[in-house]
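Peer 1: would you be able to build a 3D model of this:
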Amino acid sequence: MKVAIPAAQPFSKSLKYCLKETFFPDDPLRQFKNQPPSKTFLLALQYLFPVFQWAPRYSLHFFKSDLIAGITIASLAIPQGISYAKLANLPPILGLYSSFVPPLIYAMMGSSRDLAVGTVAVGSLLMASMLGRAVNPNDNPTLYLHLAFTATFFAGILQASLGFFRLGFIVDFLSHATIVGFMGGAATVVCLQQLKSILGLEHFTHEADLVSVMRSVFTQTHEWRWESAVLGCAFIFFLLITRYFSKRQPKFFWVSAMAPLTSVILGSILVYVTHAEKHGVQVIGELKKGLNPVSLPNLVFKAPYMGTAIKTGLVTGIIALAEGIAVGRSFAMYKNYHIDGNKEMIAIGTMNVVGSFTSCYLTTGPFSRSAVNYNAGCKTAVSNIVMAIAVMLTLLFLTPLFHYTPLVVLSAIIVSAMLGLIDYEAAIHLYKIDKFDFLVCLTAYVGVVFGSVEIGLVIAVAISVLRVLLFVARPRTFVLGNIPNSEVYRNVEQYPNANHVAGMLILEIDAPIYFANASYLRERITRWIDDEEDRIKGMGETNLQYVILDMTAIGNIDTSGISMLEEVKKTAERRGLQLVLVNPGSEVMKKMNKAKLVEKIGQKWIYLTVEEAVGACNFMLHTCKANPRKDESEVWNNV
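Peer 2: The predicted structure follows:
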């Protein structure tokens, strides 16, 4: 049976298919087909605001679960929010602001039932690191605060734009290995930064790398405060013990969830009773009462600071997006439901844009808070609304109670949360399975710890992209052999018992052929031919007559690839060999036909399967041996 040549298609149709598969792989417009205008409007409203999809089916049973989950994550969100705001060198009250407005936006627009919205340590660290280079938060706190709002605005614009224009695949360039290394490095840096509060130091480096932090710590040994250090270590120990207990006893998840707020309460009482603030233990101080003030007029859109805000927003926005989507997908997989990545981007982007208008800084779906939400049995995004209401009540009535909260307790909360992000088990797993992935992970970690957060991220992404380019530019090729007592042909390296077929070299190319790899494949095929001829001479076998290319895995080919096949054919002919092709795909066959390559090779030398190609070549070999005066054309005319 001959390999069929597909009918020619207009370029517009091919382009439409390519664009659809790139930007609309989930086919979101299918649900709108053949629907009346009223139904189309309702579906569009539900698509943009998933709350209208699940709200009509909401029940009291769901509310009971969401109420418990919301109160539980609020007990974690309040101390974490204050802690992460301090980490970002922002007023602590911003951590509470950022746990009020954004969760309400996400509850209406998000598609995840389990994502708990709030600030994150890595995003806070990035913001402090990048903005701190342009403006000192101690010398000019107002400008620094306004730049934080502006960076959040640009982060939200980027995130929403990626979702709106269906460009979510860009986030996929942050591989799992990159994220493991980057998050581990960032967590290490965050923990090191907390030495300032744990040791009670007033002056500390603004740099985030290991060398600078250690130098700052050990050049100020005379200013260490043992009271603060003892308090910090005690609370870190308490938080780690509660987390360990909750892991061993999952039904007591609330013990770990309540531990940060318990630490804040105990630490505040201890400071108030002992007047520890007079003995070197730093406290938060006064927090303003009231809900989020409007910050839209405070956004900075002028040189020279706008460039810094844009760069900070782009970097922090991508990282926050990657974390939020990864966390949402993880819990969706556990509960067996689907979330739309592009809708999530729009939701996260919108809540950051609105947040930047209401005195909030960067938010996403942190893993720790979402894990508590999941374990607490949340059913819908209403748990975010409950959390937001709890934070609202705190802002209105309870902020004076945080006056005596020691900063060292906030540092202990951060350290305990960050230790969970140093996933050494995942790094070991990467080392066992794929050394290159481990190298990417290690490079990201070292780059963050010894350089900066941005350097580590750039290096890790660059290595990941380099690996993708290597996959494309240096595809694998295999020699196939026959499995004994079968008609199956497999890689001789994977199956050592597979036999080479006398007089034939069977090669499989394991990737599309493009300009990036065409030259390499031409040279690699030539080397395979050389190696096979050397092997045949050493074994004293039949001379090589045919080079068979299994093209099953070649999904596409460009003009450079066509030229490469033509050159391989010419090389084979100069050496007295016949090139045979097996199972070229529709796109490949179409382009070879247009380039007249099918005619040059000959339709009779293109087969559906390797078995057919080997059978035909064996027939030719035996017929030519039996009739040495006949050439191949005569033999084929008699077949």
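Peer 1: what ranges do the strands span in the stretch 351-500 of the chain?
Peer 2: 477-482, 489-491 (DSSP state E, counting those that start in this stretch).
Peer 1: in JSON lines, list the ones you listed along with mean pLDDT.
Peer 2: Formatted as JSON lines, the strands of the stretch 351-500 of the chain follow (pLDDT from 0 to 100):
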{"stretch": "strand 477-482", "mean pLDDT": "92"}
{"stretch": "strand 489-491", "mean pLDDT": "91"}
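Peer 1: okay, the ones you listed in a markdown table with mean neighbour count and distance to Asn556 next?
Peer 2: C-betas here are computed from N, CA, C, even on glycine. Output for those, formatted as a markdown table (neighbours: other C-beta atoms under 10 Å; distance: least, C-beta to C-beta, whole Å):
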| stretch | mean neighbour count | distance to Asn556 |
| --- | --- | --- |
| strand 477-482 | 20 | 17 |
| strand 489-491 | 19 | 22 |
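Peer 1: make a markdown table from those strands and add distance to Ala177 to it.
Peer 2: Converted to a markdown table, the strands of the stretch 351-500 of the chain look like this (distance: least, C-beta to C-beta, whole Å):
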| stretch | distance to Ala177 |
| --- | --- |
| strand 477-482 | 26 |
| strand 489-491 | 26 |
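Peer 1: so which of those strands is nearest Ala257?
Peer 2: strand 489-491 (51.3 Å; C-beta to C-beta).
Peer 1: sheet partners, orientation included, of the closest one?
Peer 2: Strand pairing for strand 489-491, using DSSP bridges, gives strand 477-482 (antiparallel).
Peer 1: ok, and what's touching the partner strand?
Peer 2: By C-beta atoms under 8 Å, 6 or more residues apart in numbering, the list of residues contacting strand 477-482 from outside reads 488-493, 495, 498-501, 505-510, 521, 524-525, 528, 532, 550, 610, 614.
Peer 1: for the stretch 501-639 of the chain, give me the ranges with low pLDDT.
Peer 2: 624-639 (pLDDT under 70).
Peer 1: how's this structure carved up into domains?
Peer 2: 59-469, 475-638 (automatic domain parsing).
Peer 1: turn those domains into JSON lines, columns for distance to Leu45.
Peer 2: Compiled in JSON lines, the domains of the chain are given as follows (distance: least, C-beta to C-beta, whole Å):
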{"stretch": "domain 59-469", "distance to Leu45": "11"}
{"stretch": "domain 475-638", "distance to Leu45": "39"}
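Peer 1: tell me which of these sits most buried.
Peer 2: domain 59-469 (a mean of 20; mean count of other C-beta atoms under 10 Å).
Peer 1: quick check: end-to-end length of it?
Peer 2: 51 Å (C-alpha to C-alpha, to the nearest Å).
Peer 1: and if you look at stretch 592-604?
Peer 2: 14 Å.
Peer 1: just give me how far it sits from the chain centre.
Peer 2: Averaging C-alpha positions (C-alpha atoms, centre = their mean, to the nearest Å) puts stretch 592-604 43 Å from its chain's average.
Peer 1: got it, and stretch 43-52?
Peer 2: 26 Å.
Peer 1: what's in contact with that stretch?
Peer 2: Counting by C-beta under 8 Å, 6+ apart, 28, 31-32, 35, 42, 53, 107-111, 343, 346, 381 sit against stretch 43-52.
Peer 1: and if you look at stretch 445-460?
Peer 2: 122, 125-126, 129-130, 177-178, 181-182, 184-186, 188-189, 207-211, 315, 319, 427, 440-441, 443-444.
Peer 1: that one - what's its average pLDDT?
Peer 2: Stretch 445-460 shows an average pLDDT of 82 in the prediction.
Peer 1: C-alpha coordinates for that stretch, PDB please?
Peer 2: What follows is stretch 445-460 as a C-alpha-only set of coordinates in PDB (Å, rounded to 0.1, in the frame of the first residue of the first chain):
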ATOM      1  CA  TYR A 445      19.200  27.900  44.000                       C
ATOM      2  CA  VAL A 446      22.800  29.000  44.000                       C
ATOM      3  CA  GLY A 447      22.000  32.000  41.800                       C
ATOM      4  CA  VAL A 448      19.400  33.200  44.200                       C
ATOM      5  CA  VAL A 449      21.400  32.500  47.400                       C
ATOM      6  CA  PHE A 450      24.800  33.800  46.200                       C
ATOM      7  CA  GLY A 451      23.700  36.400  43.700                       C
ATOM      8  CA  SER A 452      20.200  37.800  43.900                       C
ATOM      9  CA  VAL A 453      16.600  36.700  43.300                       C
ATOM     10  CA  GLU A 454      16.600  38.200  39.800                       C
ATOM     11  CA  ILE A 455      19.900  36.700  38.900                       C
ATOM     12  CA  GLY A 456      18.900  33.200  40.000                       C
ATOM     13  CA  LEU A 457      15.600  33.400  38.200                       C
ATOM     14  CA  VAL A 458      17.200  34.700  34.900                       C
ATOM     15  CA  ILE A 459      19.900  32.000  35.000                       C
ATOM     16  CA  ALA A 460      17.400  29.200  35.700                       C
END
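Peer 1: ok, back up a step: wait, which of the domains of the chain is closest to Val3?
Peer 2: Closest among the domains of the chain, using C-beta to C-beta: domain 475-638, at 4.9 Å.
Peer 1: spatially nearest residue to Asn556 (excluding sequence neighbours)?
Peer 2: Pro512 (4.4 Å; C-beta to C-beta, 6 or more residues apart in numbering).
Peer 1: coming back round to it: return the subset of the contacts of stretch 43-52 lying in helices.
Peer 2: Residues of the contacts of stretch 43-52 located in helices (DSSP state H): 42, 53, 107-109, 343, 346.
Peer 1: farthest pair in the residues you listed?
Peer 2: Leu42 and Ala107 (19.7 Å).
Peer 1: pLDDT below threshold where in this protein?
Peer 2: 1-2, 11, 21-27, 29, 168-169, 171-173, 206, 208, 280, 624-639.
Peer 1: show me the strands in it, by range?
Peer 2: 477-482, 489-491, 504-509, 546-550, 578-582, 606-607 (DSSP state E).
Peer 1: and those as TSV, adding distance to Ala151?
Peer 2: Formatted as TSV, these follow (distance: least, C-beta to C-beta, whole Å):
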stretch	distance to Ala151
strand 477-482	48
strand 489-491	51
strand 504-509	47
strand 546-550	53
strand 578-582	55
strand 606-607	58
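Peer 1: now for those, which one comes closest to Pro250?
Peer 2: strand 489-491 (44.8 Å).
Peer 1: show me what the closest one is in contact with.
Peer 2: In contact with strand 489-491 (C-beta under 8 Å, 6+ apart) are residues 478-483, 498, 506, 508, 550, 610-611, 614.
Peer 1: also stretch 590-602?
Peer 2: 5-6, 8, 557-559, 562, 565-566, 569, 579, 581, 584, 589, 606.
Peer 1: among those residues, which pair sits farthest apart?
Peer 2: Ala8 and Leu579 (25.0 Å).
Peer 1: looking at the chain, which helix is longest?
Peer 2: The chain, longest helix under DSSP H: helix 305-335.
Peer 1: in terms of secondary structure, what does that helix contact?
Peer 2: helix 121-132, helix 141-164, helix 176-193, helix 341-357, helix 367-375, helix 453-473 (3 or more C-beta pairs under 8 Å, 6 or more residues apart in numbering; DSSP states H and E).
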